[in-house]
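>>> When you get a sec, could you give me coordinates for this:
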Amino acid sequence: MNEPNVEVADVTLREHGQTVTGEGLAGFSVGLRVRTALALAEAGLRRLELVSCVSPRVAPAMSEALIREVTRGVGRPEGVRLVTLVPNHRGLETFERLGLGRGGLEHSAGLFLSAVEEHNRANLGRSIAETFAEHRALAADLRRIDTEVIAYVSAAFGYRPRPIDKVLRVGDDALYDHVMRLFDLGAETVTLSDLQGVAGPARTEDTLAALLDRLDADHVARLGYHPHHADPEAGLALVGVAYDVGIRRFDASLGATGGCVTGAPGNVPTEGVVSLLEERGARTGIDQRALSDAAEGFVADA
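Numbers count the residues shown, from 1 in each chain. Just a heads-up that it's a prediction; the model follows:
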């Protein structure tokens with residue numbers, strides 16, 4: 001069988017989990033989370049975002065006790081990169097205490113910031129400059145414990161703060177600088193998120209093309225795309241645009257579930273992304289029937 005030439009990362013459990021309220025925890029059970037992760041691994045997914053070390057006041061499903069149960073239940077599926085988001089040093093303390101790094105469950109640590117200052121303050125409570133300063137320290141600590149770093153740029157295509165009906169954007173130069181600073185910190189991959197689905201096909205193409213034109217081949221191969229859109233079909237169309245431009249890494253969620261605590265609409269469906277890419281001749285290495293079964297099981301039970 002030919003080796004995959006694109007990567008589809010599934011973010012269902014982390015993204016849906018961060019939107020679950022205390023009342024919804026019974027449905028989003030540890031058993032469901034573990035079954036879903038193992039089903040995705042069995043279907044051929046090679047990168048799964050499981051949890052985030054955020055305050056359980058923000059995301060009750062991410063309490064330390066629940067993270068422990070979920071990550072122990074999933075274990076270390078062979079050939080699968082498991083990812084835990086680490087927003088700050090308090091999150092890193094949790095990450096280490098739970099044995100999620102090297103020598104333990106071998107998770108990668110995800111660092112994230114926003115391209116737009118207003119969203120970074122809304123999401124992380126500090127400026128982009130302050131976030132980069134903390135990320136430098138976090139990246140050094142993660143190197144100390146020999147843990148792989150991956151990174152994300154939220155609102156890379158713009159941010160519409162409530163209740164203002166105006167999209168705030170950064171220029172191509174600023175976005176390039178954000179991406180390269182994260183690569184320079186040692187990030188293995190950097191993923192760009194259209195957090196609120198504010199970019200249509202033309203802007204998506206222009207933004208990605210301008211960035212890819214300035215990156216060398218190695219960095220292009222390590223760049224990912226994470227679309228959001230209220231209409232999953234429109235989101236899938238954006239995946240097609242990104243693929244045509246040259247992106248080969250994509251984030252998606254089963255049944256287009258999940259979002260962001262700062263008001264992102266739905267994701268694009270993992271099963272739809274895999275189908276679209278395979279139809280275009282890409283090789284994902286993913287069993288579409290098994291993936292469809294995993295999606296049906298998760299959406300029915302969550």
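>>> Could you check how far the helix or strand Leu32 falls within is from the centre of its chain?
Under the criterion of DSSP states H and E, Leu32 resides in helix 30-43. In terms of CA atoms, centre = their mean, to the nearest Å, the centre of helix 30-43 is set 17 Å apart from its chain centre.
>>> Over to stretch 52-61?
16 Å.
>>> Dump the C-alpha coordinates for it into CSV.
Below are the C-alpha coordinates for stretch 52-61, written out as CSV (Å, rounded to 0.1, in the frame of the first residue of the first chain):
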residue,chain,number,x,y,z
SER,A,52,-6.2,20.3,27.0
CYS,A,53,-4.6,21.3,30.3
VAL,A,54,-6.9,24.3,30.8
SER,A,55,-8.8,25.3,33.9
PRO,A,56,-11.8,23.0,34.5
ARG,A,57,-13.7,26.2,35.3
VAL,A,58,-13.4,27.0,31.5
ALA,A,59,-13.8,23.3,30.3
PRO,A,60,-15.2,20.9,33.0
ALA,A,61,-14.3,17.9,30.8
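>>> Give the buried residues for that stretch.
For stretch 52-61, burial by neighbour count (16 or more other CB atoms under 10 Å) applies to 52-54, 59-61. From N, CA and C alone the C-beta is placed, and that goes for glycine too.
>>> same question, stretch 108-128
Applying a neighbour-count criterion of 16+ other CB under 10 Å, one finds 108-116, 119-124, 128 buried in stretch 108-128.
>>> re the thing from before, quick check: the farthest pair among the buried residues of stretch 52-61?
Pairwise distances across the buried residues of stretch 52-61 peak at 13.8 Å for Cys53 and Pro60 (criterion: CB to CB).
>>> Mind listing residues that contact the helix holding Leu32?
Helix 30-43 is contacted from outside by 10, 12-13, 17, 48, 50, 66, 69-70, 73-74, 77, 80, 254, 286-287, 290-291, 293-294, 297-298, 301-302, using CB atoms under 8 Å, 6 or more residues apart in numbering.
>>> And those, which of them are buried?
By 16+ other CB under 10 Å, those give 10, 12-13, 17, 48, 50, 66, 69-70, 74, 77, 80, 254, 286, 291, 294, 298, 302 as buried.
>>> in the helix holding Leu32, what counts as buried?
Applying 16+ other CB under 10 Å to helix 30-43 flags 30, 32-41, 43 as buried.
>>> Throw those residues into TSV and include pLDDT, thanks.
Below are these laid out as TSV (pLDDT from 0 to 100):
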residue	pLDDT
Val30	97
Leu32	97
Arg33	98
Val34	98
Arg35	98
Thr36	98
Ala37	98
Leu38	98
Ala39	98
Leu40	98
Ala41	98
Ala43	98
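>>> returning to what we had before: among the buried ones among the contacts of helix 30-43, which ones are in strands?
10, 48, 50 (DSSP state E).
>>> residue ranges of the helices in the stretch 51-200 of the chain, please?
When secondary structure is read from DSSP state H, counting those that start in this stretch, the stretch 51-200 of the chain shows helices at 64-74, 89-97, 117-124, 128-144, 172-184.
>>> Could you list the low-confidence segments of the stretch 101-250 of the chain?
For the stretch 101-250 of the chain, no stretch is flagged by pLDDT under 70.
>>> In it, what residue spans correspond to strands?
For the stretch 101-250 of the chain, the strands defined by DSSP state E, counting those that start in this stretch cover 108-114, 149-154, 190-194, 223-227, 249-252.
>>> now Asp231: how far from Thr270?
Using CB to CB, to the nearest Å, Asp231 is found at 17 Å from Thr270.
>>> Just the closest of the ones in strands among the buried ones among the contacts of helix 30-43 to Phe183, please.
Scanning those for proximity to Phe183, where the rule is CB to CB, the winner is Leu48, at 22.6 Å.
>>> Now do the contacts for that closest one.
The neighbourhood of Leu48, defined by CB under 8 Å, 6+ apart, consists of 9-10, 13, 37, 40-41, 80-83.
>>> Go again with 6 Å.
Neighbouring residues of Leu48 by CB atoms under 6 Å, 6 or more residues apart in numbering: 10, 37, 40, 82.
>>> List just the nearest of these to Ala242.
For the contacts of Leu48, with Ala242 as the reference and CB to CB as the criterion, the closest is Asp10, at 17.0 Å.
>>> who touches the closest one in this structure?
Residues near Asp10 by CB under 6 Å, 6+ apart: 40, 45, 48, 270.
>>> Report the beta-bridge partners for it.
Leu48, Ala252 (DSSP bridges).
>>> and it, how far is that from Thr131?
In this view, Asp10 and Thr131 are 26 Å apart by CB to CB.
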